[in-house]
Structures are given as structure tokens and as C-alpha cells.
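Visitor: Prediction below, plus the sequence it came from.
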Amino acid sequence: MTKPRRGRGREIALQALYRLDVNPDTTAEEITRFLSGRLHGGPLVEFADSLVAGVRGRRAELDTLLDARSENWRVARMSATDRAILRIAVFEMLHTSVPGPVAVNEAIELAKRYGTDASGKFVAGILGRLLADRTAAAAPS
């Protein structure tokens, strides 16, 4: 799978997570239909679905990490778009083989495209802190 296709998968996963945020009663079946319809089947649907399912299943963990790194902002106060972008990135950083810097760059691009004028910097700041914390924790003492 090429990078632009995975980027498209992230984009559609973002849309699905936004939908879930504004309509929490959306079923898993509805999300799968949405992903399949937007991505026209194939492995990209599986990729996007894995992001959505991963974020849904680990939302409390992701939000705790984001709350700890967002100054003067709680996840609940963030825009639904920024919140979904951040959750995808943190999920990828912690629970997939995607390198942290790649997840951060992809998130910043999504924020610039779908968020407000300030979203790119906002997302970059929070994810930059998380990436720095992970790097420091992995460094030998």
C-alpha cells in the first residue's frame, strides 16, 4: 500500500471518527458501510477500520495521554476534528508500526486540511510533546 493511499485511509477514518463524535449512537455496521462506500472496498477499508476500531477501543487511554500534554485544554473542550486527528495519531504512535514522526506529520497535514487556521500548530504542539516524552523515556539512563 502506498503512502498516499494510507493518507486517504486516515482521512476517511477521521471522517468516521468525527461522525461518531457528533453521533455516538452510530453502529459499527454503519461505520463499516461508510468506510467501504468512501474507499470502494479493499485493504484500505481494513486500514481505516483498524484506525477507527483502535481509537474507539482505546479512547480513554488516548484521551488521558492527550490531556496530560495539552496545556490549558482538555480533550472534551477541543474541536471534534482536532480531537479525532489527535486520537488517530496517538493510536498509531503507540499501537501500530507507524514511526512516531510519520504519525505526527500525517496528523499535521490532516489538521491543516480539515481544521481551523490554528489546528496545524495546535496538533503539532501536543504531538510534539508526546513524541519528545516517548523519545526521552526510550533513551538509556
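Guide: That came through, no problem. Numbers count the residues shown, from 1 in each chain.
Visitor: For the rest of this, base every contact and every neighbour count on C-alpha atoms.
Guide: Will do.
Visitor: Helices of this structure, residue ranges please.
Guide: Remark: helices assigned in the chain by DSSP state H are 3-22, 28-39, 43-57, 59-69, 80-95, 100-114, 119-138.
Visitor: Pick out the residue nearest the middle of the protein.
Guide: What sits nearest the mean C-alpha location of the chain, by CA atoms, centre = their mean, is residue 88, with 1.5 Å.
Visitor: Tell me if I'm right that it and residue 56 touch.
Guide: No: Residue 88 sits out of contact with residue 56 when judged by CA atoms under 8 Å, with a separation of 9.9 Å.
Visitor: Would you mind measuring from residue 26 to residue 102?
Guide: Computed as CA to CA, to the nearest Å, the residue 26 to residue 102 distance reads 30 Å.
Visitor: For the residue nearest to residue 129 when sequence neighbours are not counted, grab the count of nearby residues.
Guide: Counting by CA to CA, 6 or more residues apart in numbering, residue 69 is the residue found nearest to residue 129 once chain neighbours are left out, at 6.4 Å. By other CA atoms under 10 Å, 18 other residues sit near residue 69.
Visitor: Check residue 69 and give its pLDDT.
Guide: Looking at residue 69, its pLDDT is 90.
Visitor: same check, this time on residue 114
Guide: For residue 114, the pLDDT comes out at 96.
Visitor: Distance of it relative to residue 133?
Guide: Distance from residue 114 to residue 133, by CA to CA: 27 Å.
Visitor: Comparing these two, which residue is more hemmed in?
Guide: Between residue 114 and residue 133, residue 114 has the larger neighbour count (other CA under 10 Å), namely 17 against 12.
Visitor: where's the more buried one relative to residue 136, distance?
Guide: 31 Å.
Visitor: what about the closest residue in space to residue 38 that isn't next to it in sequence, how many neighbours?
Guide: The shortest distance from residue 38 to any non-neighbouring residue, by CA to CA, 6+ apart, is to residue 12 (7.1 Å). Neighbourhood size, residue 12 [other CA under 10 Å]: 23.
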